[in-house]
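**Q** attaching a predicted model along with its sequence, questions to come.
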Amino acid sequence: MKQILTELFEQKSLSREEAAGVLTKIGQGLYNESQIAAFISVFLMRNITLEELIGFREALLAMALPSDLSEYKPIDIVGTGGDGKNTFNISTLSCFVLAGAGYKVAKHGNYGSTSISGASNVLEFYGAKFTTDMGVIRKSIETSGFAFLHAPLFNPAMKNVAPIRKALGVRTFFNVLGPLISPARPTYQLLGVYNLKMMRLYNYINQKLDGQYALVHSLDGYDEVSLTAQTKIITKYGEELYTPEQMGFKSLQQKNLFAGNSIQEAADIFKAVLSNKATQAQTDVVIANSALAIRVICPTKDIETCKQEAIKSLESGKAASAFAMFLSCYKM
């Protein structure tokens, strides 16, 4: 590590192989906390390179528990977090809307770090028991259309970094890695990012990885389609910019997306959306993100067609049924 740190302090960057090697050793517990903190701090003072990021990703995926669900060709709907907006669980709700519409979803999620309720928080609130049992996980995706991989269980190498990240208390390159290290190996991904600079970086990565993806950023800072401002969308086919009205929705205010001040409040919103008892604004933002996710899987469909599929999933109760079936699997 001393040699690596010396090179980094001299403004040199790591090759993909060097980056993978360092992170592998961190995951194996071969460095102490001071060394890891110094390593992380380098990337607080300069931008991470594309080769470094891909190397880090490869190392973490290699150390993750085997859990490939690629035969189902699932989609993951995920945000980077870090936008500081404390929205309700829009991405997770969109996952169940897609499951109710007949698509397969494999979500790699965690507890919230910049919001009251992350995916793991709300699912655990409703009784989900997180597991690494692939029998349970496969049964869930086959019956409900939705599987959940709780990140700390599937990425055990991260446990050596978690207390250091918490002590530093700032966003690190591990936040960037989160959406890239799902051991489910999803075929499709809808990824929300918190700023345009990060959006470009993820686009470069996804072009290298040759996946099917859409990157989303609302220009007022949300890492999802917020309907509070224009939304920039980047796919392998190019870039688009949509107003809420162009997507067939009314513009919303930021207060419409607030998760509340407790997990109970966020969970109540979650249940209300699935039960068709939420506010129109809450329902609309879930429909908007769901529609865009459907279009990632079916790029020839227009937004309106995808939107109608999402509305049907919610209004018919199929999204709620998918959630209930998921819980029955994860309570076993």
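**A** Here it is on my side, so go on.
**Q** nearest residue to the middle of this protein?
**A** residue 78 (2.1 Å; C-alpha atoms, centre = their mean).
**Q** dig out what it forms beta bridges with.
**A** With beta bridges defined as DSSP bridges, residue 78 has these partners: residue 191.
**Q** distance of it relative to residue 319?
**A** According to C-beta to C-beta, to the nearest Å, residue 78 and residue 319 sit 18 Å apart. (C-beta placed from N, C-alpha, C; glycine too.)
**Q** give the contact list for the residue nearest to the centre of the chain.
**A** For residue 78, the contacting residues are 91, 107-109, 178-179, 189-192, by C-beta atoms under 8 Å, 6 or more residues apart in numbering.
**Q** ditto for residue 16
**A** 51-52, 54-55, 58.
**Q** what about the residue nearest to it when sequence neighbours are not counted, which SS state?
**A** With C-beta to C-beta, 6 or more residues apart in numbering as the criterion, residue 16 has its nearest non-adjacent residue at 3.9 Å, and that residue is residue 55. Taken by DSSP: H, G, I helix; E, B strand; the rest coil, the conformation at residue 55 corresponds to helix.
**Q** for this protein, what's the longest strand?
**A** Longest among the strand segments of the chain by residue count, using DSSP state E, is strand 212-218.
**Q** could you identify the helix or strand that succeeds that one?
**A** Helices and strands here follow DSSP states H and E; after strand 212-218, the next one along the chain is strand 231-235.
**Q** for the stretch 1-150 of the chain, which spans come out with low pLDDT?
**A** Scanning the stretch 1-150 of the chain with the threshold set as pLDDT under 70 gives 82-83, 113-114.
**Q** sorry, back to before: and the contacts of residue 78, which is closest to residue 291?
**A** Minimum distance to residue 291 across these is 10.3 Å, recorded for residue 190 (C-beta to C-beta).
**Q** burial check on that closest one, number of neighbours?
**A** By other C-beta atoms under 10 Å, the residues close to residue 190 number 31.
**Q** with residue 208 instead?
**A** Counted by other C-beta under 10 Å, the residues lying close to residue 208 total 12.
**Q** and if you look at residue 319?
**A** Neighbour number of residue 319 under other C-beta under 10 Å is 30.
**Q** just the one 5 residues further on next, same as before
**A** Other residues near residue 324 number 14, with proximity taken as other C-beta under 10 Å.
**Q** show me the contacts for the closest residue in space to it that isn't next to it in sequence.
**A** Leaving aside its sequence neighbours, residue 324 sits nearest to residue 144 (C-beta to C-beta, 6+ apart; 8.0 Å). Counting by C-beta under 8 Å, 6+ apart, residue 144 touches 99, 322-326, 329.
**Q** domain ranges for this structure?
**A** Annotated domains of the chain cover 2-63, 72-154+183-330 [automatic domain parsing].
**Q** distance between the ends of the longest one?
**A** Think domain 72-154+183-330. 19 Å (C-alpha to C-alpha, to the nearest Å).
**Q** ok, now the first one?
**A** The separation between the terminal residues of domain 2-63, taken as C-alpha to C-alpha, is 23 Å.
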